[in-house]
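Asks: This is a predicted model, with the sequence first.
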Amino acid sequence: MSKLKVGLLGGTFNPVHQGHLLIAEQALSQLHLDRVDFLPDFVPPHVDHKDAIAAHHRVAMLQLAIQSNPFFQIELTEIKRQGKSYSYDTMCELRAQHPDVEYYFIIGGDMVAYLDKWYRIDDLVQMVKFVGVNRPGTNSSSTYPVVGISVPEFAVSSSLIRHDLQRGNDVRYLLPDSVLDYIKEHHLYGTR
């Protein structure tokens, strides 16, 4: 019996936006995956935790963002474990729980060049297939095996959205309407 092919798109999702959804959909389609799981981190090892809102808000926004796509799910391993989120620890846990799954770890093209700095990367590449999202102007070469996918350029980031929200700028169409409604309802990112 063939293994289930599952993409993992990790991140802080602070907040989730259309770029995240576009990447997940393209990975699903181009790699013929069975589904893509969004993997929100509790405390990312490389981001100042003071910049990330509480995990329960980020998860709630993810649930709203993916609710209409039956091929998208949320993997809460890192949220439940808490503490800093290292991909190696997460993959050990997921592979033990789901030995029938072949995982595809989706990362930005800019991260591909830094794979040699990842915690236990030599072990990690034995556990997952890395998928690099090709972006113009990024160095996506690596000595590690990486499958490349192309995604239409969509220059949006969570930090841009947070910045615009704090200044009262319009962010409509940068993230799902349901996520924007949630942000306003809960007065996140300086909204009133």
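Replies: That came through, no problem.
Asks: use CA for all of it now, contacts and neighbours both
Replies: OK.
Asks: Output the contacting helices and strands for the worst-scoring helix or strand of the chain on mean pLDDT.
Replies: None of the helices or strands of the chain scores lower by mean pLDDT, DSSP states H and E than helix 109-112, at a mean of 83. Under the contact criterion of 3 or more CA pairs under 8 Å, 6 or more residues apart in numbering; DSSP states H and E, helix 109-112 touches strand 129-134.
Asks: what residues does the strand it packs on touch?
Replies: 23, 103-109, 111-112, 140, 145-151 (CA atoms under 8 Å, 6 or more residues apart in numbering).
Asks: do that again at 7 Å, thanks
Replies: 103-109, 112, 140, 145-151 (CA atoms under 7 Å, 6 or more residues apart in numbering).
Asks: if we can go back for a sec, and the next helix or strand after the least confident helix or strand of the chain, how far out from the chain's middle?
Replies: In the C-terminal direction, the helix or strand that comes right after helix 109-112 (DSSP states H and E) is helix 121-124. Centroid displacement of helix 121-124 relative to its chain, using CA atoms, centre = their mean, to the nearest Å, is 19 Å.
Asks: For helix 121-124, buried residues please.
Replies: Buried positions in helix 121-124, judged by neighbour count with 16 or more other CA atoms under 10 Å: Leu124.
Asks: Can you say which helix or strand has Met61 in it?
Replies: Applying DSSP H and E, one finds Met61 within helix 55-66.
Asks: Oops, could you answer that again for Leu8 instead?
Replies: strand 4-11.
Asks: That strand to strand 129-134, inter-axis angle?
Replies: Interaxial angle, strand 4-11 versus strand 129-134 (axes from the mean of the first three to the mean of the last three CA atoms, to 10 degrees): 50 degrees.
Asks: which residues touch strand 4-11?
Replies: With contacts defined as CA under 7 Å, 6+ apart, strand 4-11 is touched by 24, 33-41, 100-106.
Asks: Kindly report the same for stretch 71-88.
Replies: Contacts for stretch 71-88 (CA under 7 Å, 6+ apart): 35-45, 66, 90, 119-120, 124.
Asks: Okay, helices next: where are they in this protein?
Replies: Taking DSSP state H as the test, the helices found in the chain are 18-30, 55-66, 77-81, 87-97, 109-112, 121-124, 158-166, 177-185.
Asks: In strands, which of the contacts of strand 4-11 appear?
Replies: Arg35, Val36, Asp37, Phe38, Leu39, Pro40, Val101, Glu102, Tyr103, Tyr104, Phe105, Ile106 (DSSP state E).
Asks: Is the fourth one bridged to anything, and to what?
Replies: Beta-bridge partners for Phe38, by DSSP bridges, are Leu9, Ile74.
Asks: returning to that earlier point: over the strand holding Leu8, what's the mean pLDDT, rounded is fine.
Replies: The average pLDDT for strand 4-11 rounds to 96.
Asks: can you give me the angle it makes with helix 87-97?
Replies: 150 degrees.
Asks: related to what we said a few turns ago, pull the most distant pair out of the contacts of stretch 71-88.
Replies: Taking CA to CA as the measure, those span a maximum distance of 31.0 Å, between Ile66 and Arg120.
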